[in-house]
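1. sequence and predicted structure, then a few things I'm wondering about:
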2 protein chains.
Amino acid sequence: MKRNVYLEDIPLDEAQAVFQAALQAADWWQPLEAEEVPVAQANGRITARAVWAKLSSPHYHASAMDGYALRAQDSEGATETQPLQFTLVEEWDTTPSEPRPIRPVNTGHPLPPWANAVVMIEHTQLVELADGRSGIEIRASLPPWQHVRAMGEDMVATELVLPANHKLRPVDLGALAGSGHATVDVYRQPRVAVIPTGSELVSTEKVAESGIQPGQIIEYNSLVLAAQVAEWGGLPTRWPIVPDEFEAIQTAVRLAAQHHDLILLNAGSSAGSEDYTAHVVQSLGQLLVHGVAVRPGHPVILGILEDDKVTREQGDKVTNEPLTPSPLHPVTPSPFHLFTPIIGVPGYPVSAALTGEIFVEPLLARWQGLRPYQPPTIQAKLTRKVNSHTGDDDFVRVAVGEVNGRFVTTPISRGAGVITSLVRADGIVRIPRFSEGADAGSDVTVHLYRDARDLARTILAIGSHDLTLDLIAQFLAERSGARLASANVGSLGGLVALRRGECHLAGSHLLDPETGIYNQSYVRRYLPDEDVVLVTLVGREQGWLVPMGNPKNVQGWAAAARDDVQLVNRQRGAGTRVLLDYELGKLGIQPEQVRGYGREEYTHLAVAAAIVSGTADFGLGIQAAARALKLGFVPLAHEQYDLVMTRQTYASERVRSLLELLHDERFRTAVAALPGYDVSVMGKVVEINGR
Amino acid sequence: MKRNVYLEDIPLDEAQAVFQAALQAADWWQPLEAEEVPVAQANGRITARAVWAKLSSPHYHASAMDGYALRAQDSEGATETQPLQFTLVEEWDTTPSEPRPIRPVNTGHPLPPWANAVVMIEHTQLVELADGRSGIEIRASLPPWQHVRAMGEDMVATELVLPANHKLRPVDLGALAGSGHATVDVYRQPRVAVIPTGSELVSTEKVAESGIQPGQIIEYNSLVLAAQVAEWGGLPTRWPIVPDEFEAIQTAVRLAAQHHDLILLNAGSSAGSEDYTAHVVQSLGQLLVHGVAVRPGHPVILGILEDDKVTREQGDKVTNEPLTPSPLHPVTPSPFHLFTPIIGVPGYPVSAALTGEIFVEPLLARWQGLRPYQPPTIQAKLTRKVNSHTGDDDFVRVAVGEVNGRFVTTPISRGAGVITSLVRADGIVRIPRFSEGADAGSDVTVHLYRDARDLARTILAIGSHDLTLDLIAQFLAERSGARLASANVGSLGGLVALRRGECHLAGSHLLDPETGIYNQSYVRRYLPDEDVVLVTLVGREQGWLVPMGNPKNVQGWAAAARDDVQLVNRQRGAGTRVLLDYELGKLGIQPEQVRGYGREEYTHLAVAAAIVSGTADFGLGIQAAARALKLGFVPLAHEQYDLVMTRQTYASERVRSLLELLHDERFRTAVAALPGYDVSVMGKVVEINGR
């Protein structure tokens, strides 16, 4: 097995400069050619040149009202008491001989050539004239051009309608058409091939059909990358999954290079035994960069394919290769170009998505005459220390909340594999190279993924997690538009966050061993100077989570000390951990006696997952977690889960819809349906005034 | 000719409430049904229900590194000096008998069932074991689960992946697929028929083919409305133009009602002789509102079509009517519903676009489980008084600039016909009913159409207009991303705006009759206390604009006093007006002697347009305006056009790219190509220090 462990990481800005220089040398660092598209299909496209009006608007003198056209000078002297009478003339009469001609016109109608004003229909009266003909009487004189939209009033032919490099909006289509354009020149959309590689990959469709086996990985980076490309104005082609074979990948790349402006080759960009991207790029062009010092995302590859190699190799080696693209992906051939940039995108999903933002978006923007997208930013106080490798530009996903009129931000899981960390992120904090990180309490710049105004209606819950919080999030989203964001740090961690003003709510289920009362004594101890309100959310059952059927017959608290079973524990500060330690203490069981005591998970579901996977035999958790993962459950205790908040928050508009929800029958029914949940105590309020 | 002048305007909020109540009664004021779409096609769609994970991620214990899988406990005691040797075992060996088994794994591979840790390849050495087999040597002990991504580490099955009513982004597709979903339930997209009506309308395609006649109007509201609908998540169907005939419109509406969720009937919503919308709505259902007190936009119609009338009438009257939709617009039938809302949209383009924002967007949002779009807002100082009718909610289009660290805003043309006023608008100021307007200098809330950050790189030029400003706007857009916004108020108006801190630059060509020097004495008089810099933009030729061939032989300044020719003048404060008044004064010609002296236009092109249209015989203007509209030109004088700015602005980053442009050869060549333009003086700087 050939194993190449070499990866050379170069700084991000250097990598970007190398790539840009190579593209410049290849005449590819500039907007693509223009194409002419019908105005009706141009929304969202980018103008390739300035657009000048071909027609004036209006292109004739038009009536601005429903009424009658006349000569203003004929109306001189008309008054309320001395009305003037006009003679109705026919449309074909272009030089009327009547002394005071008048003609009905509706809004937008052209004025007769002899007229220069319009009187509103409301200010007229139909009369019979002395000669028996129909006439119109008016009772006030009109200035010339009254109620007339003169030719060119809105826009004069040759005026600038829109500049180049302008992203067309719906109203722009109106201005284009109104100034005489049936088509508009816009930049061609970049064609981007997204090629997933990996013998372990299976498509979502395949998984839906026939399930998934250990070792198989659902291929979804191509979904993310293709959707990114489309959002950034490109035309993505999602390739079928290519197995980890040099020839197969090379063939796919060759084919793609002949019909696309850019190739994204996903995974195989590292230096493992089955990582062929670098070799494929080298075989068909120049490998510019292999490894960029960004986190997450290290094994990024940047290269340029050369047309002569792409096509010559084709003749040399792959004689049976069809020259048409896969019928799944019909594309029209690109204008001939000698070079095709290629980006080897790392396989971890967060790395892949960030590689899109860092390398793909700026290139697509450049090709369409736009500046790279700059997300909006805010300043926020960091709630936890972030460590960073000094050599790397570090992109830290964060949650952001607005608490007491100030933004606070908390890092989310750092793992490159956790796509949900990007889903949940409100933004990114960039820790630059040469920095070792940022301290808790320091001010950081957050590049936002969502509208800052969303943050104003976000309730930030930090503390112990309960499934009810997910239900609250769902009900709030459906009803009020309020948003609940939650982070799991355990009950004690939540109270600490609340004390520091880093959240609105703390979910807590901390048992006071002396009184048997939940949370109150902890609130007094951890928030001694705060005016605090406890709102009971649910009562719920704690017990041993065990494999279905309880094969090792784990029963009672004492089972923790058995030497034939392996525990999975919760982290320090979690209410469940407090409960376990309390019960073990009562029985005089020492932590050292409990096998697996040191293995800590952060959620009920993570504990359940450890048991499902066979890495542990039992753990303390709630019945709903057992039900969710089809585990057995041995009930041990009832506990109370409260929402803790300051009185100020309790009284604020922000949490009102949440508090109302606790008295909503549909919501209570949904919670009561969770196994082991008791909603009879829901919405009970206890006020704790300082001490 | 039947003429119905009755229109009942009701307040906007009342109209919205009436419409909503009717939709509620018809069970239409709620999200549409869900439909299941492949994840690959779901970007931008809205989740119709919460999505819970079907699979854990990872769904097996996976190696997090390229390396070797082993049992952590086997590595106890390994050190740099006392390495431990492991025996390589085969993949099929699920219960290896070797004392220290080890197996190569790449990132993402499943761990063998007997292993619980991974050692990185970098920390190993391939060795030959005593028994001649291949082995791996390691030099440090590993904790259990080292470099292993345990099953469910990222996401546990049953966890909430995404809430309902969430607009899907590219990363969300990854989370959906990664949690085992091949499809997702999203709200069906609302189908919206956009029906343009009007016998005077012609399509852009027709105009491109065969030109346009007076009285014909280019139909483009349907382009704007359809693009709006698409941006707001709907599926628009653009109907072919329907002539102003009751039966034809009724037929189109009937047909559309059977295949769409909403009908937008454009124009004919007023009460003119050919306005059939209200009658059509009444014939097929209920007319709820006819006339809303919004400006622009009064003649809005809101109604509900009733299925029994839509289909019964079909049988009764229109026997030959095909029941399939127009082949141009293939649509699938809607789920059966008894009512179809219809909106009669006013014909003026600004009214039409605003009707979309006010009435269509909130409905489409509601149907897709979203809250109505709320544009971002800023506070800005109003530079000009805005008058408003007390009965109306008034939507005033405005330009916004950031000058000296504070936002200032200026109303743009109020005409409902000026689509470019929406194109140029940076935002809307809403003057509520019961208010008579807003005073100059007051603080107003601007609802922004563009990113507030765009405003930070916008150069606001107020004053006299010159074609060069359009070229600057175009060059800047192409190069630096800086934006030039300009408003025409004449040279003097520009200097006043500059004094008030309402713009960055004032374009000015004011002749001092005593010295023959341009602008300097005016700057000293109007900005006596300011440290000002004058930058010469161009020299240019002024002269009489006359019809081609100069049929009335207009020659010299004295021609102004002829009684057989009609002037079109510029507004007071315009540099061109100053020049005319100066020259007339020299000749002793009084304004009363000049026919048409009182007719004022605000731009060179507007003056030219007046001559093209035949409403005037001549006017003073620049040669480029004559050339643009194919007029004759009688040269009279050379003048200088300067950009006036404060020293602070001159030194600022904001205008740097503009100042650099004045020395750019390509730009100078483009300007020099304008007829009558002299670039030899371009970029000359004169500093005026207070007085």
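-> Structure received.
2. which SSE is A:Thr576 in?
-> Element membership of A:Thr576, judged by DSSP states H and E, is helix A:575-587.
3. give me the secondary structure label for A:Val253.
-> For A:Val253, the assignment made with DSSP: H, G, I helix; E, B strand; the rest coil gives helix.
4. wait, I meant A:Val533
-> Per three-state DSSP, A:Val533 ends up strand.
5. for the helix holding A:Thr576, name the packing helices and strands.
-> Packing partners of helix A:575-587 (3 or more C-beta pairs under 8 Å, 6 or more residues apart in numbering or on different chains; DSSP states H and E): helix A:490-499, strand A:569-570, strand A:619-622, strand A:632-646. Where you see a C-beta, it was placed from the backbone N, CA and C, and this is true even at glycine.
6. following the longest one, which helix or strand shows up next?
-> Beyond strand A:632-646 on the C-terminal side, the first helix or strand identified by DSSP H and E is helix A:647-650.
7. sort out which residues of whatever helix or strand comes next after that following helix are buried, please.
-> Note on helix A:647-650: by DSSP H and E, the next helix or strand toward the C-terminus is helix A:656-661. Across helix A:656-661, burial judged by 16 or more other C-beta atoms under 10 Å in any protein chain shown covers A:Ser657, A:Leu658, A:Leu659, A:Leu661.
8. so which helix or strand takes in the residue in the stretch 151-300 of chain A positioned nearest to chain B?
-> Nearest residue of the stretch 151-300 of chain A to chain B: A:Gly152, at 3.0 Å (C-beta to the nearest C-beta). Per DSSP H and E, A:Gly152 falls between elements, in no helix or strand.
9. how about it, nearest residue that isn't a chain neighbour?
-> B:Ala609 (3.0 Å; C-beta to C-beta, 6 or more residues apart in numbering or on different chains).
10. helix, strand or coil for that neighbour?
-> Under three-state DSSP, B:Ala609 falls in the helix class.
11. help me confirm that A:Trp232 comes into contact with A:Ala365.
-> Yes: A:Trp232 lies in contact with A:Ala365 (C-beta atoms under 8 Å); the separation is 7.0 Å.
12. ok, the two, which is more surrounded?
-> With neighbours defined as other C-beta atoms under 10 Å in any protein chain shown, A:Trp232 and A:Ala365 compare such that A:Trp232 has more, 25 against 18.
13. ok, now how distant is the more buried one from A:Ile263?
-> According to C-beta to C-beta, to the nearest Å, A:Trp232 and A:Ile263 sit 16 Å apart.
14. same check on A:Leu643?
-> Distance of A:Leu643 to A:Ile263, given as C-beta to C-beta: 51 Å.
15. do A:Pro411 as well
-> As judged by C-beta to C-beta, A:Pro411 and A:Ile263 stand 33 Å apart.
16. same question, A:Ala150
-> Remark: distance between A:Ala150 and A:Ile263 (C-beta to C-beta) = 56 Å.
17. same question for A:Ile301.
-> Applying C-beta to C-beta, the value for A:Ile301 to A:Ile263 is 11 Å.
18. need the overlap of contacts for these two.
-> A:Ile342, A:Ile343 (C-beta atoms under 8 Å, 6 or more residues apart in numbering or on different chains).
19. check A:Gly463 and give its pLDDT.
-> Looking at A:Gly463, its pLDDT reads 90.
20. now for it, how many residues are close by?
-> 33.
21. list the beta-bridge partners for it.
-> Counting by DSSP bridges, A:Gly463 forms beta bridges with A:Asn488.
22. hang on, isn't it packed against A:Leu505?
-> Yes: the pair A:Gly463 / A:Leu505 is scored as a contact, 7.3 Å apart, by C-beta under 8 Å.
23. got any residues that touch both of the two?
-> The contact lists of A:Gly463 and A:Leu505 share A:Leu498, A:Val644, where a contact means C-beta under 8 Å, 6+ apart.
24. OK, contacts around the residue nearest to A:Pro635 when sequence neighbours are not counted?
-> Distances taken as C-beta to C-beta, 6+ apart put A:Gly543 closest to A:Pro635, at 4.2 Å, once the chain neighbours are dropped. By C-beta under 8 Å, 6+ apart, A:Gly543 lies in contact with A:Leu620, A:Gly621, A:Ile622, A:Gln623, A:Ala626, A:Phe633, A:Val634, A:Pro635, A:Leu636, A:Ala637.
25. write the ChimeraX selection for whichever of the residues you listed are buried.
-> Only the buried entries of the contacts of A:Gly543 go into this ChimeraX selection, using 16+ other C-beta under 10 Å:
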select /A:620,621,622,623,626,633,634,636
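26. farthest-apart pair in the contacts of A:Gly543, please.
-> The span of the contacts of A:Gly543, defined through C-beta to C-beta, is set by A:Ala626 and A:Ala637 at 14.5 Å.
27. just give me the neighbour total for A:Asp678.
-> For A:Asp678, the count of nearby residues is 15 (other C-beta under 10 Å).
28. what is the neighbour count of the nearest residue to it once chain neighbours are set aside?
-> Excluding the flanking residues, the one nearest A:Asp678 by C-beta to C-beta, 6+ apart is A:Gly539, at 3.6 Å. Look at A:Gly539: counted by other C-beta under 10 Å, it has 18 neighbours.
29. residue contacts, the residue nearest to A:Leu629 when sequence neighbours are not counted?
-> Spatial nearest neighbour of A:Leu629, excluding adjacent residues (C-beta to C-beta, 6+ apart): A:Ala608 at 4.4 Å. Neighbouring residues of A:Ala608 by C-beta under 8 Å, 6+ apart: A:Leu545, A:Gly619, A:Gly621, A:Ala625, A:Ala626, A:Ala628, A:Leu629, A:Leu631, B:Val156.
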